[in-house]
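Novice: My questions are about this predicted structure, shown below with the sequence.
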Amino acid sequence: MQSELNEFMEHCAPDERSIQTMDASTVFKARLKLAPLAYVEMNLKCLELFRTQGPMKRWNGFQLIDLDGSTLRLPNTGDILDSFSPHTNAQGDPVGPPLARLSLLYDPLNQLCLSCSLDPMEMGEISQMPEHSWKLESGQLLIADRNYDAFWFFVWLMKKGCDFCIRLKINQRHLVREFVKQGLKEQIVEMIPGRSAKKKCRQRDLPVLPIKLRLIRVDLPNGEVEVLATSVLDSEKIPADQFGPLYQLRWPVEEKFKQLKFRVNLENWSGKSAMTIFQDVYAKLWSCNLTVWLSEEAERKIEKDNENRQYDHQINWANAFASMKRWVVKLLCGPFIEECLERLTILFLTDLSPIRPNRKYPRNHKKYQREFFMNYKPCT
């Protein structure tokens, strides 16, 4: 900690060797005055600026939003246990560190973290969605997996005006089983809420009337059948054959979780209180977005150079995050902002990763006891 503080002070005043010293206790006391939601507000303001003035990428006129959840291992301290319950086994005995459930809204085309919700494990992934700070509205299309297959959730999204593409559980509803049995490519159906669905809708002040959904069948190469439900009923607006590639755009949020945990070391906490946990999560999400925004100039140059390459190339984000750690202080506190931006662009372009198409590897579900892997060496 002291080494990091010394480096920070040198970045703030590189020509002043007689700068005042700062120790770890000073930082800890100052952090008590820093509201975690300050990073949330900064992120939302930056996202709004990018949405109105930036080169925002869209899909068929929609802003795509991935929704998924993951778990985070927390320090085993009393303050954290007051906010997050300990992880327990089937018998209810505490085992391992406390866990938190992280829900993330992610823009896969623009590589931006829109918002997140951090809650105890008792709260389900689908119940975290209304807690997000990001405002869902018309012109957006949310993509989610089978964990978000719920009638009340469909109604809630429709009430917000947000379209969606959500994978359904094939054996949960009779109308889905019949759709698969008939072998249809697509069909507009009327979904009627059951007793449990009506109860959940009333708890959230949602209407309990039947809704119309468009079911899409996607045949996978391994013979498995996926059924997607969408609120976009117009087949001319989005043809059925486009929903398979669309649902594949949900995968970037999985890669983002891997990036946050291993490249950014999200679970390598800088404090042992619940407030520092929220500070770390919100600050690192904002810093990831800041890295993406500052890479725009490099991205444009890479796209131009890709015309003369055998393989398309992309930014090496491990290198980009490591560069940002060293330069973000100068960028925010130093007087030479333009020089810092130019230097960062050069650093982003020094180490590019080729995109080799059709590379697939079998998924290894073997569980390891270690927390960090050599393939994901720390860079931030």
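Specialist: Arrived safely.
Novice: Show me the longest helix that occurs in the protein.
Specialist: helix 274-294 (DSSP state H).
Novice: which helices and strands sit right next to that helix?
Specialist: helix 24-31, helix 37-53, helix 78-83, strand 112-120, helix 317-333, helix 337-350 (3 or more CB pairs under 8 Å, 6 or more residues apart in numbering; DSSP states H and E). All C-beta spots, glycine's among them, are computed from the backbone N, C-alpha and C.
Novice: Name the surrounding residues that touch the next helix or strand after it.
Specialist: Beyond helix 274-294 on the C-terminal side, the first helix or strand identified by DSSP states H and E is helix 296-305. The set of residues external to helix 296-305 that reach it, using CB atoms under 8 Å, 6 or more residues apart in numbering, is 54-55, 313-315, 341, 345, 348-349, 352.
Novice: hmm, back to that, point out the most buried one among the helices and strands packed on helix 274-294.
Specialist: strand 112-120 (a mean of 21; mean count of other CB atoms under 10 Å).
Novice: Do a quick rundown of the helices in the stretch 151-300 of the chain.
Specialist: 151-160, 174-182, 195-203, 243-248, 251-258, 274-294, 296-305 (DSSP state H, counting those that start in this stretch).
Novice: now the second one: mean pLDDT?
Specialist: By that I understand helix 174-182. The pLDDT scores in helix 174-182 average 94.
Novice: Going by neighbour count, which residues of it are buried?
Specialist: 176, 179-180 (16 or more other CB atoms under 10 Å).
Novice: partners of the top strand by length along the chain in the sheet?
Specialist: Counting by DSSP state E, the longest strand found in the chain is strand 63-73. Strand 63-73 pairs in its sheet with strand 99-107 (antiparallel), strand 140-144 (parallel), by DSSP bridges.
Novice: Could I get the contacting residues of the residue nearest to residue 219 when sequence neighbours are not counted?
Specialist: What sits nearest to residue 219 in space, not counting adjacent residues and going by CB to CB, 6 or more residues apart in numbering, is residue 225, at 6.0 Å. Listed by CB under 8 Å, 6+ apart, the contact partners of residue 225 are 170, 180, 217-219.
Novice: any idea how far residue 154 is from residue 225?
Specialist: According to CB to CB, to the nearest Å, residue 225 and residue 154 sit 21 Å apart.
Novice: ditto for residue 301
Specialist: Counting by CB to CB, the gap from residue 301 to residue 154 is 43 Å.
Novice: Between those two, which has more neighbouring residues?
Specialist: Using other CB atoms under 10 Å as the criterion, residue 301 and residue 154 rank with residue 154 on top: 21 against 12.
Novice: That one is in contact with residue 231, isn't it?
Specialist: Yes - under the criterion of CB atoms under 8 Å, residue 154 makes contact with residue 231 at 7.4 Å.
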